[in-house]
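**Q** got a sequence here, can you model it:
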Amino acid sequence: MKSSQIKVSELGEKQLIERIIQKSKSCSIYKPSDFNDFDDKTSIGDDSALTNVNIDDNSYLVSSSDMLIQSSHFPKAMTHFQMGYKSVVVNVSDLASMGAENIGFLLNLAIPKDTLLDDFDELVCGVIQACDNYNIPLIGGDTNEASEIIISGTAIGQVDKERALMKYGFEIGDLLCISGELAYAALGFELLKLIEENPKSKEIIEKIKSIDSTLIDLAILKALKPEAKYKEGHILRDYNTNNNRITATDITDGLASELYEILSYDKKHSQSDKIDNDSNSDNTYEKGIRIYEDKLPVEDEFKEIANSLGLNYLDLFLHVGEDFELLFTINKELKDKLSSDMNYYVIGEITEGNTVEIVLSNGSIKKISSRGYEHLK
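**A** Next comes the predicted model:
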């Protein structure tokens, strides 16, 4: 029987796990021995993974776990390869936002029993190729049965305690930055939804392609195959010192949501520090965030396409997410130095006032809603 006709139920869990092990070799451009920390000869396929990690008193072990559910996180147009790839990206992105070096990736996969073996293989190869791209070996995991595809990944890393990038610790006057352009994934999701639901989608797509066909293709690619800013996280970590404190997080649920998140974390830790230091000062928190519409990296063609689809480009930029770019703060002295090592955009600054606001192109100032994507709501 051809593999395209075989279903995973015909193999069973143990054979599927063995197949993952084999795919980790055949789909990868690396040999397991290329990963110095991973001892595949003694641990892969065993009850637990063994890694040669030297965690000293000056380092943190960093771990992150994300669960992706087919009906919630994977557009219908997403291939099985892209599903597997994304399961690694979302976890590596969390490690990157803290400046961690990758150590290993654990894959927990639940699939319907009628899944075709070819689709299973494609998904696993997506995982392996993403692991290759981010230099993080697949070191273990588990499989199970479910009514739809569910992928839960766990990424493990390591970072120097003095250089770990946290969400809190910025000061009034610090610059607010992003590592790349936002809202492409958001536009991509809207385009995919249009293709799925609107019988006249071909006509609409052709019309907006006349504005900028490359932008359309990029938006759909960003929605289906996102990438993590792993190298940029390392650059920020290397610049992060007590004298030049950098804070960072990745943008997954929308820029606005992340802005409120970093303020919340900074406020909590600021008040905690006052208690620890037995400070007699009040608990008033005075930091806020201001961004500028004119500083947002958005092309005129993007705005025109969004308008053609009846969408507000600022809503896409602020409230959708899935960009996996880094949101970070730096002091003004670092601006030019950092620019020599990575591309980024300064979109605002840390202000006084405990508000999150945007200065629009017409000069008016508006409070930004905290609305963003949130599970279980």
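**Q** shouldn't Leu334 be in contact with Asn244?
**A** Yes. Taking contacts as CB atoms under 8 Å, Leu334 lies within contact range of Asn244: 5.4 Å. Backbone N, C-alpha and C define where each C-beta goes, glycine included.
**Q** these two: which has the busier surroundings?
**A** Neighbour totals were compared for Leu334 and Asn244, and Leu334 leads with 21 against 13 (other CB atoms under 10 Å).
**Q** and Leu176, that one's in a strand?
**A** Yes. Per DSSP: H, G, I helix; E, B strand; the rest coil, Leu176 lies within a strand segment.
**Q** SS state for the residue nearest to it when sequence neighbours are not counted?
**A** Among residues not flanking Leu176 along the chain, Gly348 sits closest, at 4.1 Å (CB to CB, 6 or more residues apart in numbering). Classification of Gly348 by three-state DSSP places it in strand.
**Q** help me confirm that Gly348 comes into contact with Leu296.
**A** No. Contact between Gly348 and Leu296 fails when scored by CB under 8 Å: they sit 9.3 Å apart.
**Q** sorry, back to before: for the residue nearest to Leu176, name its beta-bridge partners.
**A** Beta-bridge partners for Gly348, by DSSP bridges, are Leu176, Ile291.
**Q** neighbours around it, how many?
**A** Neighbour tally, Gly348, other CB under 10 Å: 23.
**Q** contacting residues for it?
**A** 175-176, 289-292, 295 (CB atoms under 8 Å, 6 or more residues apart in numbering).
**Q** redo those as TSV? Include neighbour count and pLDDT.
**A** Compiled in TSV, the contacts of Gly348 are given as follows (neighbours: other CB atoms under 10 Å; pLDDT from 0 to 100):
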residue	neighbour count	pLDDT
Leu175	19	98
Leu176	24	98
Ile289	24	97
Arg290	19	97
Ile291	23	97
Tyr292	17	98
Lys295	15	98
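**Q** which pair of these spans the longest distance?
**A** Maximum pairwise distance among the contacts of Gly348 (CB to CB): 13.0 Å, between Ile289 and Lys295.
**Q** all helices of the stretch 151-300 of the chain, in order?
**A** Counting by DSSP state H, counting those that start in this stretch, the stretch 151-300 of the chain has helices at residues 184-197, 201-224, 230-239, 255-276, 300-308.
**Q** closest to Gly104 out of those helices?
**A** helix 230-239 (14.7 Å).
**Q** tell me what the helix or strand Gln15 falls within is packed against?
**A** Assigned by DSSP states H and E, Gln15 falls within helix 13-26. Judged by 3 or more CB pairs under 8 Å, 6 or more residues apart in numbering; DSSP states H and E, helix 13-26 is in contact with helix 117-133, strand 138-145.
**Q** what sits closest to Lys225 if chain neighbours are left out?
**A** Gln82 (5.2 Å).
**Q** distance of the one you found from Ile149?
**A** Distance, Gln82 to Ile149, using CB to CB, to the nearest Å: 12 Å.
**Q** can you list residues touching both of the two?
**A** Common contact partners of Gln82 and Ile149 (CB under 8 Å, 6+ apart): Phe74.
**Q** list the contacts of Lys287.
**A** Lys287 makes contact with 170, 172, 263, 266-267, 270, 350-352, 354, according to CB under 8 Å, 6+ apart.
**Q** so what's Glu148 scoring on pLDDT?
**A** Listed pLDDT for Glu148 reads 97.
**Q** any regions of the stretch 51-200 of the chain where pLDDT drops low?
**A** For the stretch 51-200 of the chain, applying pLDDT under 70 flags the ranges 52.
**Q** can you get me a residue count around the residue nearest to Gly188 when sequence neighbours are not counted?
**A** Nearest non-adjacent residue to Gly188, counting by CB to CB, 6+ apart: Ala223, 2.9 Å away. Number of residues near Ala223 (other CB under 10 Å) recorded here: 23.
**Q** that older thread, so which of the contacts of Lys287 wins on neighbours?
**A** With neighbours taken as other CB under 10 Å, the top of the contacts of Lys287 is Phe170, carrying 25 neighbours.
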